[in-house]
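Enquirer: the following comprises the amino acid sequence and a computationally predicted model.
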Amino acid sequence: MGNTKLDEADDYPDFTAPLAKKVVKEKGRGILICGNAVGVCVTANKVAGIRAAIGYNTSVAKTSRTDDNTNVLCLAGRVLSLDFAKAIADHWLKTPFSNEPRHVRRLKKIEELEK
């Protein structure tokens with residue numbers, strides 16, 4: 001949904017917001033990539049229904065899914081090699097939410113905060 005090449009003049013909220021809104025509307029998942037991943041993560045999390053996390057390794061990507069049911073993965077393009085970013089995304093995409101009662105309970109509390 002974003003640019004196909006780096007443009008230093010881009011404003012990441014212009015790409016992040018449409019992706020986040022689409023993820024919520026379609027009840028899907030999305031991946032955002034920017035320099036250090038922080039800005040897109042902060043922006044995505046402003047959209048109700050988004051649970052974005054920065055995936056800085058495969059372990060974090062997995063637990064963000066199993067524990068927090070994240071629906072947006074944010075990757076740092078300046079920091080990660082292409083192969084490592086692909087591995088992180090692959091782990092995240094293949095990992096389901098655990099549905100453990102403690103995680104469900106916590107997510108319900110987060111949903112209440114959005115109201």
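Expert: Here it is on my side, so go on.
Enquirer: show me where this protein has strands.
Expert: Assigned by DSSP state E, the chain shows strands spanning 30-34, 52-54, 72-76.
Enquirer: would you reformat the ones you listed as CSV and include mean pLDDT, mean neighbour count and distance to residue 113?
Expert: No exception for glycine: its C-beta is placed from N, CA and C like everyone else's. Formatted as CSV, the entries for these read as follows, by pLDDT from 0 to 100; neighbours: other C-beta atoms under 10 Å; distance: least, C-beta to C-beta, whole Å:
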stretch, mean pLDDT, mean neighbour count, distance to residue 113
strand 30-34, 95, 20, 21
strand 52-54, 98, 23, 15
strand 72-76, 97, 25, 17
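Enquirer: rebuild those strands as TSV, extending it with distance to residue 105.
Expert: Rendered in TSV, the data for the strands of the chain read as follows (distance: least, C-beta to C-beta, whole Å):
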stretch	distance to residue 105
strand 30-34	25
strand 52-54	19
strand 72-76	22
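Enquirer: looking at these, spot the one closest to residue 23.
Expert: When these are ranked by proximity to residue 23, the top entry is strand 30-34, at 4.6 Å, counting by C-beta to C-beta.
Enquirer: elements contacting that closest one?
Expert: For strand 30-34, the helices and strands in contact under the criterion 3 or more C-beta pairs under 8 Å, 6 or more residues apart in numbering; DSSP states H and E are helix 13-26, helix 38-44, strand 72-76, helix 82-94.
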